[in-house]
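Q: 3D, please:
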Amino acid sequence: MNGYDKLAQLQSMPLEAKVALSTQRIRQWYDHWHGKVYVAFSGGKDSTVLLHLVRSLYPEVKAVFVDTGLEYPEIRLFVKSIDNVVWLRPKMAFSEVVRKYGYPVLGKSTAMTIRKLLTQNLSVRYRNKLMNGDERGTAGKLAEKWKIMLDAPFKISEQCCDVMKKNPIKVFDKEFGLKQFTGEMASESFNRTKEYNKSGCNAFDNKIPKSKPLSVWNDCDIWEYIESRALSYSSIYDTGVKRTGCMFCMFGVHLEKEPNRFQLMKHSHPKQWDYCINKLGCGEVLDYIGVDYGQQEEFNFNK
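A: Sure thing, here's the model as predicted:
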């Protein structure tokens with residue numbers, strides 16, 4: 001049985017079997033690092049379940065929340081209701097990040113390819129690989145339909161998350177010497193599936209050690225756990241919002257069915273929508289890639 005088949009088998013287990021497996025992985029991580037651990041807490045449903053699992057075993061474990069200024073108000077309010085949470089803040093505001101590095105749009109790998117093509121002194125061979133592929137195939141090649149982005153009147157970059165989320169966490173880790181639990185699930189993306197198959201739930205030997213006890217869970221498991229344990233969660237999920245990361249992130253929005261995140265935002269958070277679209281310039285970016293962000297007033301949010 002290869003790694004992908006084994007993962008699929010674990011993902012098909014009933015919830016309580018997954019809870020038992022996650023509990024075992026949490027204990028292993030806690031014991032290995034002699035209790036010097038914390039939960040990376042975003043205020044979203046996945047990290048809410050993770051925090052409950054960890055604190056069911058070790059009530060003293062801290063949660064760490066990175067306050068980027070881009071969270072939904074409902075997320076920040078929910079985080080404030082949780083005990084023993086350390087709040088971190090990035091050194092740069094989102095407006096500074098997009099001016100210096102560029103807008104997070106399309107996908108991380110695509111944005112990184114565009115940034116490299118526009119800002120780095122690449123060899124002829126590597127540039128040709130990013131534009132056209134090479135003898136090994138088209139992995140990493142910029143898709144034909146997105147080559148228009150090379151002429152965009154704004155910067156594009158994948159670096160926003162590094163500056164606003166990862167860097168504050170790195171500083172915290174270095175200062176306090178703690179190792180993190182995160183709520184990542186392999187089902188969320190192909191890259192996370194590959195990461196799981198490489199290191200499993202507990203990546204002890206990674207450059208940045210990380211425990212992902214929910215690796216074999218999926219969204220249905222998360223909601224079943226919340227319901228079965230009567231857990232409190234952020235009210236943002238009751239508004240129709242499914243993605244609760246940074247409000248102004250445009251990664252993947254072109255793939256969403258309507259109403260997409262920005263159409264919903266105009267309906268539910270009009271002040272934040274206006275700031276994002278008109279003040280930060282995200283409207284210009286979304287216009288360029290052909291995504292309706294709520295400018296059509298007649299859109300039916302009940303369909």
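Q: so which residues of the stretch 101-250 of the chain form helices?
A: With DSSP state H, counting those that start in this stretch as the criterion, the stretch 101-250 of the chain has helices at 108-119, 124-132, 160-161, 167-176, 190-199, 219-228.
Q: how far off centre is the first one?
A: For helix 108-119, the distance from its own C-alpha centre to the chain's C-alpha centre is 19 Å (C-alpha atoms, centre = their mean, to the nearest Å).
Q: circling back to that earlier point, quickly, which of the helices of the stretch 101-250 of the chain bottoms out on average pLDDT?
A: For those, mean pLDDT drops lowest on helix 190-199, to a mean of 88.
Q: tilt between it and helix 108-119?
A: For helix 190-199 against helix 108-119, the angle by axes from the mean of the first three to the mean of the last three C-alpha atoms, to 10 degrees is 100 degrees.
Q: buried set for helix 190-199?
A: Buried residues in helix 190-199, counted by 16 or more other C-beta atoms under 10 Å: Thr193, Glu195, Tyr196, Ser199. Glycine gets a C-beta too; all of them are placed from N, C-alpha and C.
Q: so which of these is the closest to Cys220?
A: Thr193 (17.2 Å; C-beta to C-beta).
Q: against Ser211, how distant is that closest one?
A: With distances taken as C-beta to C-beta, to the nearest Å, Thr193 is found 17 Å from Ser211.
Q: returning to what we had before: point out the most buried one among the helices of the stretch 101-250 of the chain.
A: helix 160-161 (a mean of 22; mean count of other C-beta atoms under 10 Å).
Q: most centrally placed residue in the chain?
A: Gly245 (6.1 Å; C-alpha atoms, centre = their mean).
Q: for that one, give me its contacts.
A: Ser42, Gly44 (C-beta atoms under 8 Å, 6 or more residues apart in numbering).
Q: redo the helices of the stretch 101-250 of the chain as CSV? Include distance to Ala93.
A: Listed next are these as CSV, based on distance: least, C-beta to C-beta, whole Å:
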stretch, distance to Ala93
helix 108-119, 19
helix 124-132, 31
helix 160-161, 11
helix 167-176, 13
helix 190-199, 28
helix 219-228, 31
